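Trainee: Predicted model, plus sequence, below.
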2 protein chains.
Amino acid sequence: MHGSCPDCPVRHQAICSTCNAPELRRLEHARYDRRYEAGQVIVWAGDRLDFVASVVSGVATMSHTLEDGRTQMVGLLQASDFLGRPHRERTPYTVTAVTDVVLCCFRRKPFEEVMAASPALSAQMLDRTLDELDASREWLLLLGRKSAREKFASLLVILARREVGGPQASPGGELQIDLPLTRDMMADYLGLSLETVSRQVSALRRDGIIRLNGNRTVIVQDYAALLTASGETDADGGPLS
Amino acid sequence: MHGSCPDCPVRHQAICSTCNAPELRRLEHARYDRRYEAGQVIVWAGDRLDFVASVVSGVATMSHTLEDGRTQMVGLLQASDFLGRPHRERTPYTVTAVTDVVLCCFRRKPFEEVMAASPALSAQMLDRTLDELDASREWLLLLGRKSAREKFASLLVILARREVGGPQASPGGELQIDLPLTRDMMADYLGLSLETVSRQVSALRRDGIIRLNGNRTVIVQDYAALLTASGETDADGGPLS
DNA sequence: CGATGAGTTGAGAGCAATCAAGATGGGTGG
DNA sequence: CCACCCATCTTGATTGCTCTCAACTCATCG
C-alpha cells in the first residue's frame, strides 16, 4: 500500500499531478488513506462527506435513488478519478465501492486552501469537471434516446476507451474489455433491467460482434460493427485508431 | 438594448457578477452583443465557437443528435446562464435559440486571461459547472428511471424552481409556470415523443393537479400532488416553501 | 377564408419490464 | 477430490408502457 505521494500509483494522473513541490507538501500533510471493501457504501446520499479524495485503486459508483427503490447510476469512479465537491459538504448521491477501493483523502479545509492558492490546481478541477459534464451529457443521449442494443454497445465502447493503460489488443487485433460491473450494475448504468442487459450480451454474441471469456471479459471481434451498433459515428475515433 | 455593463439586465446574476472594477473593464473591452432570432442555430455540434458568452435574454437549448435524427436535449439556457467552454473551441452539441436571444459574448483569449488572473471568476466558473453537473445527474435519473408521468411532472417542478424572479403565485396561492418550450421541445427534454407529453398534460389536468391558461401557461392547483407525481420527496423544498 | 403550425386524441404495434424457471460457475466444507 | 451452495447469469412467456401512425381541433395569419 502506498503511504506517501512519491510512491502513489496515480501520482501522475490524479488531480494532484499539477501541483508543484510546496503545494504537494501541504496536500500531503492533509491527506490520509481510506480502504473500503467491495460492496461497502462510502457515502449515503444526503450525508456529510468530510473529505475530498482521489481514487487510488478500485472501482466505485455514484447512484441516485427514488423512494420506491429504483436506482440510476450517475457516475463511475476509477483509479485517479476525483470524488467530492469543494465547498459543499453534502453529497447528493450514494457512493458505493464495487471492488475493494483505496481512497487518498484530503481534509476539506486544507484542500480548499491549496486550491485557492494554486491556479493550476483550480484550473485542473474546472477542466475535469467540464469533462465530466460533457460525459454526462453523452449519457443523457444514451438514456433518453438509445435502444437497449445501442445502450449496451455504447457501454462497451465507453469501457474500451477508458481501459486503464489503454485497451488491450489480443492477438489478431481483437480488443479485450474487462467488465468492472455485474449485469445488475450495467443495467443500473444503462437504465435497463438486468435481464435486458443479459439479452443484449447474447444478441451481440449471436451476431459475432463480441465473444465472452468468462462473465467478466468481453472480446470484441468486430469493433466497427460494435461502433455502428452503439449509434456513434466512427468519426470520433475508436481505441485502436 | 444594453450596450455596456452598468446597464446590463443580468449584471448581478451572470458569471461576470463576481468581477471587480478592473476585471470588468478588461472584460468589457473584449465583449460584444449578438442577437439571434427564434429558431436560429447559434452553433452546430462540432463547430468552432470563437467566443464564450452570457445569456442576456431569451431561451436557448443544447442538443445532441444521432445520425438518424433522434435528438436529446442536454441543456436549457436562460438569462444569466453561461455558454461555451474555456480552453476548448469546439462545441460538442448544437445550440439553438428557442426565443429571440441576446448574448453577451467575450472573445476567448481575453476572457481566459481574466479568468487566469481572477480567482473569484474561476471559482465562480467551477461552482457553476459543478451545479450543472449535479443538475445533469438528476436528469440522468429522470431519463433512465422515471415514467412519462413522472418525467413531465418533474419538468414542471424544475421550471417552477427556475422561474426568473421567483415563481409567480396567483391569487389563491396557486403557482403559475410559463412554459418556454413547445410540446415538441419538452419531449426532446424528457426523452419522450411529443404525443406522450401531450397525453401527460391531459392526464395531470384530468387529475386536477394543473390547469392550463392557453398552451404556454400552466397553473399548478396542487403542488404537493405535483411533487408526488414527479417522484421527488417534498423534503427538498418546493418554490413556495 | 383557406393555409399553416401547434396541440390533442385514438388505435395499434413494438420494445423492454416483469415474472418465473433453469443454467453456470466459483467457493466452501466434508 | 468431490458435492453442494449461493450468487450470478441466461432464457422464456407474458404484460404493459410508450412510440408510431393517423385523424382531428384550434388559434393565428396572410
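Mentor: That came through fine. The model shown is predicted, which means the values in this text are computed figures rather than measured ones. Residues are numbered from 1 along each chain as shown, chains lettered A, B, ... in the order given.

Trainee: For stretch A:199-212, which residues meet the burial criterion?
Mentor: The neighbour-count check on stretch A:199-212 (16 or more other C-beta atoms under 10 Å in any protein chain shown) flags A:200-201, A:203-204, A:209-210 as buried. For every residue, glycine as well, the C-beta is placed using N, CA and C.

Trainee: The helix or strand that contains A:R199 vs DNA strand D: in contact?
Mentor: Assigned by DSSP states H and E, A:R199 belongs to helix A:194-206. Yes - judged by C-beta under 7 Å from any atom of the strand, helix A:194-206 comes into contact with DNA strand D through A:194-195, A:197-199, A:201-202.

Trainee: Mind checking what secondary structure the closest residue to A:Q13 other than its chain neighbours has?
Mentor: Closest residue to A:Q13 apart from its sequence neighbours, by C-beta to C-beta, 6 or more residues apart in numbering or on different chains: A:S80 at 3.6 Å. Secondary structure assignment for A:S80 (DSSP: H, G, I helix; E, B strand; the rest coil): coil.

Trainee: Test my guess that A:S80 contacts A:A14.
Mentor: Yes - the criterion here is C-beta atoms under 8 Å, and A:S80 meets it with A:A14 at 4.6 Å.

Trainee: Name the residues of chain A found near DNA strand D, please.
Mentor: So far as C-beta under 7 Å from any atom of the strand goes, chain A lies against DNA strand D at A:182-184, A:194-195, A:197-199, A:201-202, A:212, A:215-216.

Trainee: Columns distance to DNA strand C on top of these, output as a markdown table?
Mentor: Below are those laid out as a markdown table (distance: C-beta to the nearest atom of the strand, whole Å):
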| residue | distance to DNA strand C |
| --- | --- |
| A:T182 | 13 |
| A:R183 | 11 |
| A:D184 | 12 |
| A:L194 | 8 |
| A:E195 | 4 |
| A:V197 | 8 |
| A:S198 | 9 |
| A:R199 | 8 |
| A:V201 | 13 |
| A:S202 | 12 |
| A:L212 | 9 |
| A:N215 | 7 |
| A:R216 | 9 |
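
Trainee: Output these in CSV, with distance to B:R137 and pLDDT appended to each entry.
Mentor: Below are these laid out as CSV (distance: C-beta to C-beta, whole Å; pLDDT from 0 to 100):
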residue, distance to B:R137, pLDDT
A:T182, 22, 96
A:R183, 23, 97
A:D184, 20, 96
A:L194, 22, 98
A:E195, 25, 98
A:V197, 21, 98
A:S198, 26, 98
A:R199, 27, 98
A:V201, 26, 98
A:S202, 31, 97
A:L212, 31, 94
A:N215, 29, 88
A:R216, 27, 90
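
Trainee: and which of these is nearest A:A21?
Mentor: A:R216 (40.8 Å; C-beta to C-beta).

Trainee: Could you tell me which residues make contact with the closest residue to that closest one other than its chain neighbours?
Mentor: Ranked by C-beta to C-beta, 6+ apart and with sequence neighbours excluded, the top spatial neighbour of A:R216 is A:L179, at 4.9 Å. Neighbouring residues of A:L179 by C-beta atoms under 8 Å, 6 or more residues apart in numbering or on different chains: A:159, A:186, A:215-218.

Trainee: Give me the distance from the helix or strand following the helix holding A:R199 to the chain's centre.
Mentor: Using DSSP H and E, the helix or strand that follows helix A:194-206 towards the C-terminus is strand A:210-212. How far strand A:210-212 lies from its chain's middle: 23 Å, per C-alpha atoms, centre = their mean, to the nearest Å.

Trainee: For the next helix or strand after strand A:210-212, list every residue counted as buried.
Mentor: As assigned by DSSP H and E, the chain's next helix or strand after strand A:210-212 is strand A:217-220. Using 16+ other C-beta under 10 Å as the test for burial, strand A:217-220 gives A:218, A:220.

Trainee: and strand A:217-220, anywhere near DNA strand C?
Mentor: No - judged by C-beta under 7 Å from any atom of the strand, strand A:217-220 stays clear of DNA strand C, getting no closer than 10.6 Å.

Trainee: So which elements touch the following helix or strand past that strand?
Mentor: For strand A:217-220, the succeeding helix or strand toward the C-terminus, using DSSP H and E, is helix A:223-230. Helices and strands touching helix A:223-230, by 3 or more C-beta pairs under 8 Å, 6 or more residues apart in numbering or on different chains; DSSP states H and E, are helix A:148-162.

Trainee: and A:Y32, helix, strand or coil?
Mentor: Going by three-state DSSP: A:Y32 is strand.

Trainee: What distance do you get for it to A:H12?
Mentor: 21 Å (C-beta to C-beta, to the nearest Å).
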